[in-house]
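*Asks:* Attaching a predicted model along with its sequence, questions to come.
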Amino acid sequence: MKWIYWLGWMSFGAAFRTLFGLRIIGGENLITEGPVLVASNHQSFLDPPLIGNLYKDEMVYLARKTLFTGFSRWLYTQWNAIPVDQDRPDMASLKTIIRKLKEGHRVLVFPEGERTSDGQLGAAAPGIGLIAVKSGATIQPVRISGAREALPRGSSRIRFARIIVSVGPPIRLTPEELAAANGKQDYERIAKRIMTAIAAL
């Protein structure tokens, strides 16, 4: 790990275990080798480092492009973050994610696109289906519980709440599925399948 990534990994990990009693369920399902598209529900700003702490090495994240200013630009770059325009998602970001996966990296994507406001799971955008198909990467469904209570959307005050991260069995699209998927409806179907796997955890 790069030293700055390692420092963040250690600091967040210690805080999650100490303050939130972090519990991981299904750790045996983690795919630690090769390119992995990690798909998780989105509850809080705590979610990226929560997922990052599942692994012992680096991964790639997505972050709002508005965060890439001044010192934060350097920091987020060191933390392997890809800037994304949430208001106007473009193909450039999707292509970067697909390229990172094809290079063998592990990439975290939130299919819902934004943090939940009520704790309920939202619908998955078709973009994650496109990423899954074009990259051919193994998909790792993950569900976070308790992070919304610890740091709700719209709040900057940390609350003490138990956080649980559940890891599901990986999804591997068959060569036939990859070859047949070539349109929005196919991407939406795969995105829904991923979100259903997350909901089942």
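*Replies:* That came through fine. Keep in mind it's a predicted model, so treat the numbers as computed, not measured. Residues are numbered from 1 along each chain as shown.

*Asks:* Would you enumerate the residues in contact with Ile171?
*Replies:* Applying C-beta atoms under 8 Å, 6 or more residues apart in numbering, we find Ile171 in contact with 138-141, 193-194, 197. Every residue, glycine included, has its C-beta placed from N, CA and C.

*Asks:* Narrow these to those in strands?
*Replies:* 138-141 (DSSP state E).

*Asks:* Look at Gly8 and give its secondary structure.
*Replies:* Here Gly8 is helix, with the state taken from DSSP: H, G, I helix; E, B strand; the rest coil.

*Asks:* That one against Pro49, yeah?
*Replies:* Yes. Using C-beta atoms under 8 Å, Gly8 is in contact with Pro49, at 6.8 Å.

*Asks:* And the residue nearest in space to the middle of the chain, what's its pLDDT?
*Replies:* By C-alpha atoms, centre = their mean, the chain has its centre lying nearest to Leu108, at 3.0 Å. At Leu108, the model reports a pLDDT of 96.

*Asks:* would it count as being in a strand?
*Replies:* Yes. Judged by three-state DSSP, Leu108 forms part of a strand.

*Asks:* Who are the contact partners of it?
*Replies:* 38, 40, 48, 51-52, 59-62.

*Asks:* Next up, the contacts around the residue lying closest to Phe12 once chain neighbours are set aside.
*Replies:* Distances taken as C-beta to C-beta, 6 or more residues apart in numbering place Pro49 nearest to Phe12, at 3.9 Å, with adjacent residues excluded. Contacts for Pro49 (C-beta under 8 Å, 6+ apart) come out as 8-9, 12, 16.

*Asks:* Kindly reformat those as CSV containing pLDDT, distance to Gly113 and neighbour count.
*Replies:* Below are the contacts of Pro49 laid out as CSV (pLDDT from 0 to 100; distance: C-beta to C-beta, whole Å; neighbours: other C-beta atoms under 10 Å):
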residue, pLDDT, distance to Gly113, neighbour count
Gly8, 91, 24, 18
Trp9, 91, 25, 21
Phe12, 91, 23, 17
Phe16, 93, 24, 21
